[in-house]
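Undergrad: Following is a predicted model, sequence given first.
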Amino acid sequence: MSRIGKKEILIPENIEVIIKDSNVSVKGKKGELSYKFSQLIEINKINNKIQLKKRIETKQSKSIYGLSRSIINNMILGVSIGFEKKLSIHGVGYRSQIEGNDLILNVGYSHPVRIEPPENIIIKVENSTNIIISGINKEVVGQIAAKIRSIRPPEPYKGKGIRYIDEVIRRKIGKAGK
């Protein structure tokens, strides 16, 4: 039994939640999100709370019960507060910059790497080595951050590459000389 799925979701005052069949749309000061959920989950809005129930006790309904609650909660948090991921670039000569809306990375390749953010995603660069990705959809913010990190993941010998701010890289020792 999912402990996460059982929890009620509190709706803040400035957030509007509309539930139509299995479609849930959430409007807030930062924007609007909508998501179509499975028919196996029943979503009820009671005053300023949202409750989820399984319509049928099957393995699939059990597996998406907690997930559905987490997605709705993240939608509410996204339109009220927003999400952000911070990346850091380490390495001699590695830097980043913003050109228009695009992020341009110089990370040791023969050419600069250009990344176009999807709509509703904002990319900022601080002092050419720190990148901040922010938006209202947690899934898209995390996906863009992972895409940027995958361009030059941190390597274990010198620690060069793009990493999350709070990420710890396990360092290896180099060759043992004779």
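TA: Happy to help now that I have it. Residues are numbered from 1 along each chain as shown.

Undergrad: This protein: helices as residue ranges?
TA: 3-6, 59-80, 138-151 (DSSP state H).

Undergrad: Where is the longest strand in this protein?
TA: strand 83-90 (DSSP state E).

Undergrad: In the sheet, which strands lie alongside it, parallel or antiparallel?
TA: strand 130-135 (antiparallel), strand 161-164 (antiparallel) (DSSP bridges).

Undergrad: mind putting those in a markdown table, mean neighbour count and distance to residue 90 included?
TA: The C-beta positions use only the backbone N, C-alpha and C, and glycine is treated the same way. Formatted as a markdown table, the strands paired with strand 83-90 follow (neighbours: other CB atoms under 10 Å; distance: least, CB to CB, whole Å):
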| stretch | mean neighbour count | distance to residue 90 |
| --- | --- | --- |
| strand 130-135 | 20 | 11 |
| strand 161-164 | 19 | 6 |
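
Undergrad: Just send those back as CSV, with distance to residue 102 and mean pLDDT too.
TA: Shown next, in CSV, are the strands paired with strand 83-90 (distance: least, CB to CB, whole Å; pLDDT from 0 to 100):
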stretch, distance to residue 102, mean pLDDT
strand 130-135, 12, 95
strand 161-164, 16, 94
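
Undergrad: Among those strands, which comes closest to residue 18?
TA: strand 130-135 (21.2 Å; CB to CB).

Undergrad: show me where pLDDT drops low in the chain?
TA: Along the chain, segments meeting pLDDT under 70 span 1-2, 178.

Undergrad: try 80 this time
TA: Scanning the chain with the threshold set as pLDDT under 80 gives 1-2, 176-178.

Undergrad: re earlier: could I get the helices of the chain in a markdown table, plus columns for distance to residue 88 and mean neighbour count?
TA: Conversion of the helices of the chain to a markdown table gives the following (distance: least, CB to CB, whole Å; neighbours: other CB atoms under 10 Å):
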| stretch | distance to residue 88 | mean neighbour count |
| --- | --- | --- |
| helix 3-6 | 31 | 13 |
| helix 59-80 | 24 | 18 |
| helix 138-151 | 10 | 17 |
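
Undergrad: residues contacting residue 160?
TA: Neighbour list for residue 160: 90, 91, 92, 94, 108, 152, 154 [criterion: CB atoms under 8 Å, 6 or more residues apart in numbering].

Undergrad: Among those, which pair sits farthest apart?
TA: Pairwise distances across the contacts of residue 160 (CB to CB) peak at 14.3 Å, for the pair 92 and 154.

Undergrad: who's more crowded, those two?
TA: Neighbour count, other CB atoms under 10 Å: between residue 92 and residue 154, residue 154 has more, with 21 against 7.
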